[in-house]
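[1] Following is a predicted model, sequence given first.
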Amino acid sequence: MAKRTSTSKRARFIVRGLVQGVNFRHAAVREATSRGITGRVWNRDDGAVEVVAEADEAALTDFARWLRTGPRLAEVEAVERIELAGERRYRDFSITYGRAS
């Protein structure tokens, strides 16, 4: 489990391009977990993948770098990062089937 510190941040990422049907969410779980990131990932109705991630800034920056490429079959066109306020909410990183809070 990721360490909960005062330097923890929360961010929402919207990943656009060919990102559904290419194992993106499962790869995101693996990549986030390896970095100690908690949060959720899900498919959006508009074809994008959305992520809520919680970790220190270094881990979020590294994860954002991975999101810009994604898994082997993905063709990422853009990644938008939106900072989120509030306390950490998650104990792990997993796939959800609908928008996370």
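    Looks like it came in fine.
[2] C-alpha only now, for contacts and for neighbours.
    Will do.
[3] Please identify the helix or strand for Thr33.
    Counting by DSSP states H and E, the secondary-structure element that holds Thr33 is helix 24-34.
[4] That helix: what's the following helix or strand?
    Using DSSP H and E, the helix or strand that directly follows helix 24-34 along the chain is strand 38-43.
[5] what is the orientation angle of that following strand with helix 24-34?
    Between the axis of strand 38-43 and that of helix 24-34 there is an angle of 170 degrees, by axes from the mean of the first three to the mean of the last three C-alpha atoms, to 10 degrees.
[6] Show me what the residue nearest to the spatial centre of the chain bridges to in the sheet.
    With distances taken as C-alpha atoms, centre = their mean, the residue of the chain nearest its centroid is Val51 (3.6 Å). When bridges are taken as DSSP bridges, the partners of Val51 come out as Phe13, Val41.
[7] ok, which stretches of this structure are strands?
    Under the criterion DSSP state E, strands of the chain are mapped to 9-18, 38-43, 49-55, 75-84, 93-95.
[8] Can you give the strand pairings for the fourth one, parallel or anti for each?
    Yep, that's strand 75-84 we're talking about. Using DSSP bridges, the neighbouring strands of strand 75-84 in the sheet come out as strand 9-18 (antiparallel).
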